[in-house]
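Colleague: Need a 3D model of the following:
(2 chains)
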Amino acid sequence: MAEVNKLTPKDFKSDQEVRWCPGCGDHAILNAVQRTMANLGIPREKFAVVSGIGCSSRFPYYMNTYGFHGIHGRGAAIASGLKVANPDLSVWQITGDGDAMAIGGNHFIHVIRRNIDMNLLLFNNEIYGLTKGQYSPTSQLGAKSKTSPFGTVENPFHPGELVIGAQGHFFARAIDNQVKVTTEIFEQAARFKGTSVVEILQNCVIFNDAIHEDIVSRDVRDDRTILLKHGEKMIFGKEKDKGLVRDGLKLKVVTIGKDGYTIEDILTHDAHEANPGMHLMLANMRYPDFPVALGVIRAVPAATYEERLDQQISEVQKQSKIKNMDDLMRTGDTWEV
Amino acid sequence: MATTKKKIEKEEVVIRFSGDSGDGMQMTGTQFSNTTALLGNDVSTFPDYPAEIRAPQGTVGGVSGFQLHFGNAKVHTPGDYCDVLVAMNPAALKANQRWVKNGGTIIVNIDSFSEKNLKKAGFDENPLPAFKKGDYNVIEAPIQTLIHEAVKDLGLDMKSIERTKNMFALGITYWLFNRPLNHTETFFEQKFAKKPEIIEANILALHAGYNYANTVEALSSHYVVKKAELEKGVYRNINGNTATAWGLIAAAEKAKMPLFCGSYPITPASEILHELSARRDLGVKTFQAEDEIGGITTAIGASFAGNFAVTTTSGPGLALKTEAVGLAVIAELPLVIVDVQRGGPSTGLPTKTEQSDLLQAIYGRHGESPAVVIAASSPSNCFQYAFEAGRIALEHMVPVILLTDGFLANGSEPWRVPEMSSLPAIKAPFVEPSEKEYLPYERDPETLTRKWAVPGMKGFEHRVGGLEKMDKTGNVSYVPENHQLMSEYRQEKVNKVADDFPLPYVEGADEGELLVIGWGGTYGHLHTAVTELQEEGKKLSFVHFNYIYPLPKGVEKIFEKFDNLLVCELNLGQFADYLSIKVPGYKYQKYNKVQGLPFTVDELKNAFNKILEDK
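Modeller: Purely as a prediction, here's the structure:
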């Protein structure tokens, strides 16, 4: 194990040239994943990175681990089979908003429902990049794109809402270029047993540049986002003077020291609460009424699919008299000639 | 009186049970088959049921049938026409009357022959008097009345009493063919262990039917069918789907690899998934995916992880899996795809048999995407070919499509159980952990297969996927010449699989006027029809294909010695067209049937005779 601890982010870089556009948010995410894996203390050969189709899905080629670049939308299913077949692996799925939520929508919700222990990194740039600029399932209502020149007329998915609605046990949100914070979030996702989904607000410089800029640009970020940490008060703002309180069945933003609100009134984040109500409200907060929630919003431990399956297999094996095919073929109604 | 009834020896008998879906005809037929097989007869069965769970009661559309054929020699088909038809209602008689042999026995549940039911079945008048006048032995058994009488002391509700009428009918046929009742009694004792009153009711009904047959004047004789001369060994009855599931598990055991099946339920393939799901004791991992595509892609993930990976489906499901088959082709990972063919296109005839997915299996993918295609030809040899599909996939790092069909899947026959030690070892080309350098797409010069390194092996980290791979290194490559090279490698690798394939066996002389050509699930009917004509002195031979793509090498040497080649298949001529591409220069005549039904031996003999006479 001593040798394992010596791994550095460099050990996870493959010899392949990274071919994302200059300025693409994917570069920073790749960097953060490589740092995370180096920090985890897991031997390199135990990592498997799986993807579907899209810009983000080229990711496995840039990782010096086992990798599988699949077909459009099916990354979650390929990763599910991989993990169930060998639960000893650390499985990472890299996907985009089109890959996961349009063509792969079915596999996305079902991997979450089953709670297969894998880390699903969802790069959300609200656009189809690889197919060159069509709107995606997360594009805002009215978004103009090559296939919606007059604006979309359809409602977007909100990944957090979908994850929690599919009984997700782990949901976090991060920003592509905040490598330090992102690395911490990835580490928590990796250490969580079950399907962990991290939505990364990612910038596509070519087809949807600055789409998250209102929220993530350095000058406004502190006032428009809130970094949630389990057990800590929900406080944000450049001056650390804003906070979230309950207002009936809703949330409300208040200023500490104003209208009689004190630090005592500010909610404390409980990522481990099984009831999804508060997590759903937090995941759904949107600018300008609310700060956008970053960090680990929900992390509720639960049994995983592959644990239950392996347990069932060993229980049945203990009870069954059938140990091999010769036994099976000679069990039941047989006769001798 | 009863004891004086005469015994008539018969070599073979065909019985058809028919009634409403819900009358328990499948169970009745299965019980008769199992009991008969246990007595040492050879048996072949053909369940024929509607797609609806419960079609409107009393209508022809809702009739469920189960035909079985048993004899004192090897039987290869469930038989064309039946010696005995059991019809639980007028609709069952209407649907099946044309399948009764002249001189056959028709047993009807006369209680159901009300004016209303006759009308529902589409009879203008009661057909029974006409049958009686003709060459039929009609037995009008008041089954409902008699079962109510038989079980009246058990205090059961009406519905439970009515549900035992199939056992009354079974009892009649057991008497008629001199079968013991104890196997079926044991079956009920096990199936309803927690409901003693249901066990008792069924056993009473069974005995009531048996005693009724023994007593009534209408039945003048017992039939005796002697045991078949079978090879020594342990036997069991098996249907094609169970045999397929077991063949896959056997392949995993021989390869010393875990079995993973990612699948989605679809008729008539679901039972393979059921069988595999029940085998947790053998460590089988089944994954009921969210859809067909999830089924195959989870299997591909498991294959990447080093499991023996399988997906099971039927035609519409194979269509959905198509893109992913291409992924397995380019990733060069082993995968078995079982397609239990049914009537198409689209939802088509979901419970009926057909052979019309052949060209989909061979060619139905985008790009140059070669995969191996093989086909099973009897319910029990689904075991052999499922095992073979596993062997080819694992040893050659290639997807293999195994074709069976609804007829094989549901049909059953006695099967001599093999010893696992008699099956060949399967050795997948895993990389040796001691090897210094690993190039994922370096190939064995003989077979052109690449070596297999699985996640978790230190020092062999690599990436596979859907984009074209550079020769040897496996890095993504758009080099034009490399794409051609890799395309040719993948094709040649599949072509080389045929090096292991035996030439198909020619039944009959190796030259002559007519060669009958078949493939897959039609073997039994073709074999029987050809054999019967050969016994009449006709000059014809028969060759049957299990290895489809690639074809065994040297097939033209068989074809060139015959004046006529007749390709018989349950589609509009797909194999004939395929042969004309792969083995050109011959005139392939076609005999095709697309009715959702197997061939009948009669119609085949007529077709063969026509060619023989025309010459």
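Colleague: elements contacting the lengthiest helix in chain B?
Modeller: Secondary structure of chain B per DSSP state H: the longest helix is helix B:196-215. Applying 3 or more CB pairs under 8 Å, 6 or more residues apart in numbering or on different chains; DSSP states H and E, one finds that helix B:196-215 contacts helix B:143-151, helix B:158-162, helix B:165-176, helix B:182-191. C-beta: built from backbone N, CA, C; applies to glycine.
Colleague: beta partners of residue A:225?
Modeller: In this structure, residue A:225 bridges to residue A:292 when assessed by DSSP bridges.
Colleague: can you count the residues close to it?
Modeller: Neighbour count for residue A:225, taken as other CB atoms under 10 Å in any protein chain shown: 24.
Colleague: That one against residue A:216, yeah?
Modeller: Yes. Under the criterion of CB atoms under 8 Å, residue A:225 makes contact with residue A:216 at 7.3 Å.
Colleague: Need the residues touching each of those two.
Modeller: Contact criterion CB atoms under 8 Å, 6 or more residues apart in numbering or on different chains; residues shared by residue A:225 and residue A:216: residue A:175.
Colleague: burial of the residue nearest to residue B:208 when sequence neighbours are not counted, as a residue count?
Modeller: Nearest residue to residue B:208, sequence neighbours excluded (CB to CB, 6 or more residues apart in numbering or on different chains): residue B:150, at 4.0 Å. Close neighbours of residue B:150, defined as other CB under 10 Å, add up to 23.
Colleague: Let me know the distance separating the closest residue to residue B:127 other than its chain neighbours from residue B:83.
Modeller: Using CB to CB, 6+ apart and skipping the chain neighbours, the partner closest in space to residue B:127 is residue B:93 (6.7 Å). As judged by CB to CB, to the nearest Å, residue B:93 and residue B:83 stand 16 Å apart.
Colleague: try residue B:414
Modeller: Where residue B:83 is concerned, residue B:414 sits at a distance of 20 Å (CB to CB).
Colleague: Which one of the two is surrounded by more residues?
Modeller: residue B:414 (29 against 20).
Colleague: pretty sure that one contacts residue B:42?
Modeller: Yes. If you go by CB under 8 Å, residue B:414 and residue B:42 touch, sitting 6.0 Å apart.
Colleague: Quick check: neighbours shared by these two?
Modeller: residue B:230.
Colleague: and among the helices and strands packed on helix B:196-215, the most buried is which?
Modeller: Mean neighbour count (mean count of other CB atoms under 10 Å in any protein chain shown) peaks for helix B:165-176 among these, with a mean of 26.
Colleague: how distant is that helix from the center of its chain?
Modeller: A distance of 27 Å separates the centroid of the chain from that of helix B:165-176, by CA atoms, centre = their mean, to the nearest Å.
Colleague: Would you mind giving the orientation angle of that helix with respect to helix B:143-151?
Modeller: With axes from the mean of the first three to the mean of the last three CA atoms, to 10 degrees applied, the angle from helix B:165-176 to helix B:143-151 works out at 90 degrees.
Colleague: Report the inter-axis angle for helix B:165-176 versus helix B:182-191.
Modeller: 150 degrees.
Colleague: What's the local residue count around the residue of the stretch 251-400 of chain B found nearest chain A?
Modeller: For the stretch 251-400 of chain B and chain A, the shortest gap (CB to the nearest CB) falls at residue B:301, measuring 2.9 Å. Residue B:301 has 33 neighbours, counted by other CB under 10 Å.
Colleague: and residue B:86, what does it touch?
Modeller: B:15-19, B:28, B:107, B:169, B:172-173.
Colleague: Give me the distance from stretch B:180-195 to the chain's centre.
Modeller: Relative to its chain's centre, stretch B:180-195 lies at 27 Å (CA atoms, centre = their mean).
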